[in-house]
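Visitor: sharing a model that was predicted from the sequence below.
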Amino acid sequence: MSKINELLAKFESIIKEPWPNGLSGQEKVWFLIFDPIDLRKVHFKLAEFEIATKNANRDWLLVSLNNYFSNWLSKHDYKESFFKEPEYISDPLQDEFREYIILEINKKLVHNSENTLVVLKDASAIFGFIKLSEIVLDISNNIKGRLMVLFPGEFANNQYRLMDARDGWDYLARPIMI
């Protein structure tokens, strides 16, 4: 069995478990952890993850971070200046871009319920611009069911490391890995 099929099997057993109420936002977060080299394979298998979710009588809501940066930048008043002098984009990234992402994701969360698995994909699309940990922390309290982050990275010693490139962070999330 391939690594991705093993990960899918692990997910299938977890998605069938009861979801207790009264958890904090951070305790409702799952990280589906896989080797960054397997990112395309995981994306290819997403339909099977969705089927497993629906077979467990859960709802599926997919949120991709893929176009947020280009959409935000295209609407920014100073976009032309950022191209001429890219060093000036760092402050707006930390404040304005972060707020933009959170606002856009929260718009989609209007449709989530206590039975919904919200799946956050394309974390690598914001890599280097803003910390995924901040986004997850900011949206987790608006999750009524569960939030599963597709996480190309590693989990060791209770530390998550996205794309194996920066120091990890502690988080109360549940890791799903093989």
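Guide: Sure, I can see it.
Visitor: which elements pack onto the lengthiest helix in the chain?
Guide: Looking across the chain with DSSP state H, the single longest helix is helix 3-15. Using 3 or more CB pairs under 8 Å, 6 or more residues apart in numbering; DSSP states H and E as the contact criterion, the secondary-structure elements in contact with helix 3-15 are strand 29-34, helix 39-44, helix 46-55, strand 174-176. (C-beta placed from N, C-alpha, C; glycine too.)
Visitor: all strands for this protein, in order.
Guide: With DSSP state E as the criterion, the chain has strands at 29-34, 59-64, 116-121, 146-156, 159-162, 174-176.
Visitor: ok, residues contacting the shortest one?
Guide: By that I understand strand 174-176. Residues outside strand 174-176 that contact it (CB atoms under 8 Å, 6 or more residues apart in numbering): 7, 10-11, 14, 29-33, 148, 155, 160.
Visitor: please apply the same query to the longest one.
Guide: Counting contacts by CB under 8 Å, 6+ apart, the residues outside strand 146-156 that touch it are 19, 28-36, 38-39, 42-43, 116-124, 132, 136, 139-140, 160-164, 168, 173, 175-177.
Visitor: one step back: between the strands of the chain, which gets nearest to residue 107?
Guide: Between residue 107 and the strands of the chain, the tightest spacing by CB to CB is seen for strand 59-64, at 9.9 Å.
Visitor: mind listing what the residue of the chain positioned farthest from its centre touches?
Guide: When each C-alpha in the chain is compared with the mean C-alpha position (CA atoms, centre = their mean), residue 84 comes out farthest, at 31.4 Å. Applying CB under 8 Å, 6+ apart, one finds that residue 84 lies in contact with no residue.
Visitor: pull the CA atoms of the longest helix of the chain into PDB?
Guide: Extracted C-alpha coordinates of helix 3-15, given in PDB (Å, rounded to 0.1, in the frame of the first residue of the first chain):
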ATOM      1  CA  LYS A   3       2.000   6.100   1.700                       C
ATOM      2  CA  ILE A   4      -0.900   8.200   0.500                       C
ATOM      3  CA  ASN A   5      -3.300   5.200   0.600                       C
ATOM      4  CA  GLU A   6      -2.100   4.500   4.200                       C
ATOM      5  CA  LEU A   7      -2.800   8.100   5.100                       C
ATOM      6  CA  LEU A   8      -6.200   7.800   3.500                       C
ATOM      7  CA  ALA A   9      -6.900   4.700   5.500                       C
ATOM      8  CA  LYS A  10      -5.800   6.400   8.700                       C
ATOM      9  CA  PHE A  11      -8.100   9.400   7.900                       C
ATOM     10  CA  GLU A  12     -11.000   7.000   7.100                       C
ATOM     11  CA  SER A  13     -10.800   5.600  10.600                       C
ATOM     12  CA  ILE A  14     -10.500   9.100  12.200                       C
ATOM     13  CA  ILE A  15     -13.400  10.700  10.300                       C
END
